[in-house]
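Peer 1: All I have is the shape, not the residue letters:
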(Lines give C-alpha, C1' and ligand atoms only; values in the text may rest on other atoms or scores of the structure.)
Protein backbone atom coordinates (compact mmCIF):
# COMPACT_ATOMS: atom_id res chain seq x y z
CA UNK A 1 0.00 0.00 0.00
CA UNK A 2 1.14 3.52 -0.79
CA UNK A 3 2.21 5.42 2.30
CA UNK A 4 -0.45 8.06 2.46
CA UNK A 5 -2.28 9.17 5.57
CA UNK A 6 -4.98 11.73 6.14
CA UNK A 7 -5.79 13.49 9.37
CA UNK A 8 -8.14 13.91 11.00
CA UNK A 9 -10.22 11.01 9.73
CA UNK A 10 -13.40 12.42 11.23
CA UNK A 11 -14.25 15.93 12.26
CA UNK A 12 -17.40 17.75 13.31
CA UNK A 13 -17.24 21.50 13.36
CA UNK A 14 -19.52 24.50 13.35
CA UNK A 15 -20.26 26.94 10.57
CA UNK A 16 -17.74 29.75 10.39
CA UNK A 17 -14.84 27.94 12.02
CA UNK A 18 -11.56 27.29 10.19
CA UNK A 19 -10.64 23.69 9.40
CA UNK A 20 -7.40 22.20 8.14
CA UNK A 21 -7.07 18.71 6.74
CA UNK A 22 -3.64 17.19 6.36
CA UNK A 23 -2.36 14.72 3.80
CA UNK A 24 1.01 13.13 4.46
CA UNK A 25 2.89 10.82 2.09
CA UNK A 26 6.06 8.79 2.49
CA UNK A 27 6.34 7.88 -1.21
CA UNK A 28 8.03 11.04 -2.52
CA UNK A 29 5.37 11.31 -5.25
CA UNK A 30 5.34 14.52 -7.22
CA UNK A 31 1.61 15.14 -7.53
CA UNK A 32 -0.83 15.53 -4.67
CA UNK A 33 -4.58 16.11 -4.94
CA UNK A 34 -7.56 16.95 -2.82
CA UNK A 35 -10.96 15.62 -3.93
CA UNK A 36 -14.33 15.82 -2.30
CA UNK A 37 -16.95 13.14 -2.70
CA UNK A 38 -20.67 13.78 -2.40
CA UNK A 39 -23.60 11.58 -3.42
CA UNK A 40 -24.53 12.15 -7.04
CA UNK A 41 -21.40 14.14 -7.80
CA UNK A 42 -18.66 11.55 -7.80
CA UNK A 43 -15.14 12.73 -7.06
CA UNK A 44 -14.57 16.42 -7.66
CA UNK A 45 -11.11 17.94 -7.72
CA UNK A 46 -10.63 20.82 -5.30
CA UNK A 47 -6.94 21.68 -5.66
CA UNK A 48 -3.83 19.88 -6.74
CA UNK A 49 -0.08 20.30 -6.47
CA UNK A 50 2.54 19.44 -9.06
CA UNK A 51 5.51 20.25 -6.84
CA UNK A 52 6.56 22.01 -3.65
CA UNK A 53 4.84 25.40 -3.56
CA UNK A 54 3.27 24.68 -6.96
CA UNK A 55 -0.49 24.39 -6.68
CA UNK A 56 -3.49 25.05 -8.87
CA UNK A 57 -7.25 25.13 -8.65
CA UNK A 58 -9.50 22.27 -9.56
CA UNK A 59 -13.21 22.12 -10.39
CA UNK A 60 -14.58 23.24 -7.02
CA UNK A 61 -11.94 25.42 -5.38
CA UNK A 62 -14.12 28.24 -4.00
CA UNK A 63 -13.89 28.37 -0.21
CA UNK A 64 -10.74 26.25 -0.08
CA UNK A 65 -7.03 27.00 0.00
CA UNK A 66 -4.04 24.69 -0.03
CA UNK A 67 -0.38 24.75 0.81
CA UNK A 68 2.52 22.47 0.10
CA UNK A 69 5.73 23.57 1.77
CA UNK A 70 7.29 20.09 1.76
CA UNK A 71 7.07 17.20 -0.69
CA UNK A 72 5.36 15.00 1.84
CA UNK A 73 2.61 17.31 3.14
CA UNK A 74 -0.40 18.85 1.40
CA UNK A 75 -2.77 20.86 3.55
CA UNK A 76 -6.36 21.75 2.70
CA UNK A 77 -7.85 24.69 4.58
CA UNK A 78 -11.43 25.80 4.85
CA UNK A 79 -11.08 29.36 6.09
CA UNK A 80 -14.67 29.58 7.25
CA UNK A 81 -16.50 26.29 7.01
CA UNK A 82 -20.04 26.18 5.64
CA UNK A 83 -22.62 23.39 5.70
CA UNK A 84 -22.16 22.91 1.94
CA UNK A 85 -18.62 21.77 2.68
CA UNK A 86 -19.88 18.76 4.61
CA UNK A 87 -18.34 15.95 2.62
CA UNK A 88 -15.80 13.15 2.48
CA UNK A 89 -12.41 14.46 1.45
CA UNK A 90 -9.87 12.26 -0.26
CA UNK A 91 -6.22 13.00 -0.76
CA UNK A 92 -4.40 11.27 -3.59
CA UNK A 93 -0.81 11.06 -4.79
CA UNK A 94 0.79 10.12 -8.08
CA UNK A 95 3.83 10.45 -10.25
CA UNK A 96 4.05 11.23 -13.95
CA UNK A 97 3.18 8.21 -16.06
CA UNK A 98 5.36 6.59 -18.68
CA UNK A 99 3.37 8.08 -21.56
CA UNK A 100 0.86 10.24 -19.75
CA UNK A 101 1.16 13.29 -17.45
CA UNK A 102 -0.03 11.27 -14.49
CA UNK A 103 0.10 7.60 -13.68
CA UNK A 104 -1.81 5.66 -11.07
CA UNK A 105 -3.39 7.67 -8.28
CA UNK A 106 -3.11 6.27 -4.76
CA UNK A 107 -5.85 7.48 -2.45
CA UNK A 108 -5.85 8.05 1.26
CA UNK A 109 -8.61 6.56 3.41
CA UNK A 110 -10.63 9.78 3.40
CA UNK A 111 -11.60 12.40 5.97
CA UNK A 112 -15.24 12.80 6.84
CA UNK A 113 -16.09 16.40 7.66
CA UNK A 114 -19.42 17.49 9.07
CA UNK A 115 -20.18 21.20 9.33
CA UNK A 116 -23.14 21.98 11.57
CA UNK B 1 -15.01 19.39 -18.19
CA UNK B 2 -16.20 16.39 -16.28
CA UNK B 3 -16.47 13.24 -18.41
CA UNK B 4 -19.93 11.72 -18.72
CA UNK B 5 -20.52 8.14 -17.64
CA UNK B 6 -23.38 5.83 -18.54
CA UNK B 7 -25.29 4.10 -17.22
CA UNK B 8 -25.55 5.66 -13.77
CA UNK B 9 -26.29 2.30 -12.23
CA UNK B 10 -26.55 -1.33 -13.28
CA UNK B 11 -27.65 -4.48 -11.49
CA UNK B 12 -26.31 -7.84 -12.60
CA UNK B 13 -26.52 -11.47 -11.62
CA UNK B 14 -23.25 -13.32 -11.07
CA UNK B 15 -21.81 -14.43 -14.39
CA UNK B 16 -23.47 -11.72 -16.46
CA UNK B 17 -21.60 -9.12 -18.48
CA UNK B 18 -21.71 -5.34 -18.28
CA UNK B 19 -20.39 -2.36 -20.21
CA UNK B 20 -19.72 1.06 -18.70
CA UNK B 21 -19.17 3.99 -21.00
CA UNK B 22 -17.22 7.19 -20.53
CA UNK B 23 -17.30 10.08 -22.96
CA UNK B 24 -15.82 13.54 -23.12
CA UNK B 25 -16.61 16.71 -25.01
CA UNK B 26 -12.93 17.47 -25.43
CA UNK B 27 -10.10 15.58 -27.07
CA UNK B 28 -8.79 12.77 -24.92
CA UNK B 29 -5.19 11.84 -24.44
CA UNK B 30 -5.81 9.12 -21.93
CA UNK B 31 -8.59 7.59 -19.86
CA UNK B 32 -8.15 6.28 -16.33
CA UNK B 33 -10.47 3.79 -14.62
CA UNK B 34 -10.97 3.30 -10.87
CA UNK B 35 -13.26 1.21 -8.71
CA UNK B 36 -14.52 2.18 -5.29
CA UNK B 37 -16.13 -0.27 -2.92
CA UNK B 38 -18.59 0.99 -0.36
CA UNK B 39 -16.86 2.78 2.50
CA UNK B 40 -13.43 2.49 0.92
CA UNK B 41 -11.08 4.64 -1.13
CA UNK B 42 -11.00 4.38 -4.93
CA UNK B 43 -8.55 1.86 -6.34
CA UNK B 44 -6.78 2.04 -9.69
CA UNK B 45 -7.82 -0.39 -12.43
CA UNK B 46 -6.08 0.74 -15.59
CA UNK B 47 -4.98 3.58 -17.85
CA UNK B 48 -5.71 3.62 -21.57
CA UNK B 49 -3.64 5.77 -23.85
CA UNK B 50 -4.32 7.30 -27.20
CA UNK B 51 -3.91 4.66 -29.86
CA UNK B 52 -6.94 2.47 -29.23
CA UNK B 53 -5.09 -0.02 -27.08
CA UNK B 54 -7.04 -2.31 -24.81
CA UNK B 55 -5.97 -3.31 -21.38
CA UNK B 56 -7.13 -5.89 -18.95
CA UNK B 57 -7.40 -6.38 -15.23
CA UNK B 58 -8.73 -9.75 -14.05
CA UNK B 59 -11.80 -10.24 -16.26
CA UNK B 60 -12.17 -6.51 -16.74
CA UNK B 61 -11.00 -4.96 -19.99
CA UNK B 62 -11.39 -1.60 -21.61
CA UNK B 63 -11.12 0.12 -24.94
CA UNK B 64 -10.37 3.69 -25.91
CA UNK B 65 -11.61 5.35 -29.08
CA UNK B 66 -9.98 8.76 -29.31
CA UNK B 67 -11.92 9.69 -32.45
CA UNK B 68 -15.20 9.26 -30.63
CA UNK B 69 -13.65 10.67 -27.44
CA UNK B 70 -14.91 7.77 -25.41
CA UNK B 71 -13.84 4.73 -23.50
CA UNK B 72 -15.73 1.61 -22.50
CA UNK B 73 -15.10 -0.72 -19.58
CA UNK B 74 -16.11 -4.35 -20.10
CA UNK B 75 -16.83 -6.62 -17.16
CA UNK B 76 -17.27 -10.23 -18.22
CA UNK B 77 -18.62 -13.09 -16.15
CA UNK B 78 -19.13 -10.71 -13.25
CA UNK B 79 -18.35 -11.79 -9.71
CA UNK B 80 -19.77 -10.54 -6.43
CA UNK B 81 -16.43 -8.82 -5.81
CA UNK B 82 -17.00 -6.58 -8.81
CA UNK B 83 -19.69 -4.66 -6.97
CA UNK B 84 -18.82 -1.04 -6.40
CA UNK B 85 -18.78 2.32 -8.13
CA UNK B 86 -16.65 2.69 -11.23
CA UNK B 87 -15.14 6.03 -12.15
CA UNK B 88 -13.45 7.15 -15.31
CA UNK B 89 -11.02 10.02 -15.20
CA UNK B 90 -9.61 12.29 -17.88
CA UNK B 91 -6.84 14.84 -17.76
CA UNK B 92 -7.89 18.41 -17.02
CA UNK B 93 -4.62 19.87 -18.21
CA UNK B 94 -0.95 19.18 -18.76
CA UNK B 95 -0.03 19.08 -15.07
CA UNK B 96 -1.59 15.74 -14.40
CA UNK B 97 -4.81 16.85 -12.76
CA UNK B 98 -7.38 14.11 -13.15
CA UNK B 99 -11.07 14.94 -13.51
CA UNK B 100 -13.51 12.13 -12.72
CA UNK B 101 -16.98 11.36 -13.98
CA UNK B 102 -19.89 10.96 -11.57
CA UNK B 103 -19.48 7.23 -11.45
CA UNK B 104 -21.44 4.11 -12.35
CA UNK B 105 -22.74 1.99 -9.49
CA UNK B 106 -22.50 -1.71 -10.25
CA UNK B 107 -24.33 -4.21 -8.07
CA UNK B 108 -23.72 -7.92 -8.62
CA UNK B 109 -26.30 -10.22 -7.03
CA UNK B 110 -25.92 -13.96 -6.33
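Peer 2: Structure received. None of these values were measured; they are calculated from a predicted model.
Peer 1: Just confirm residue A:115 contacts residue A:15, I think it does.
Peer 2: Yes: contact between residue A:115 and residue A:15 holds when scored by C-beta atoms under 8 Å: they sit 5.9 Å apart. The way it works is simple: take the backbone N, C-alpha and C, and place the C-beta from them, glycine included.
Peer 1: Of these two, give the one with the bigger neighbour count.
Peer 2: More neighbours sit around residue A:115 than around the other of residue A:115 and residue A:15, counting by other C-beta atoms under 10 Å in any protein chain shown; the figures are 19 against 12.
Peer 1: Within range of chain A, give me the residues from chain B.
Peer 2: Taking C-beta under 8 Å from any C-beta of the partner chain as the test, the list of chain B residues beside chain A reads B:2, B:29-30, B:32, B:34, B:41-44, B:47, B:49, B:87, B:89, B:91-103.
Peer 1: Recalculate using a threshold of 6 Å.
Peer 2: B:30, B:41-42, B:44, B:49, B:91, B:94-97, B:99-103 (C-beta under 6 Å from any C-beta of the partner chain).
Peer 1: what's near enough to touch residue B:41?
Peer 2: The contact partners of residue B:41, taken as C-beta atoms under 6 Å, 6 or more residues apart in numbering or on different chains, are A:107, A:109-110.
Peer 1: Which among those count as buried?
Peer 2: Buried subset of the contacts of residue B:41 (neighbour count, 16 or more other C-beta atoms under 10 Å in any protein chain shown): A:107, A:110.
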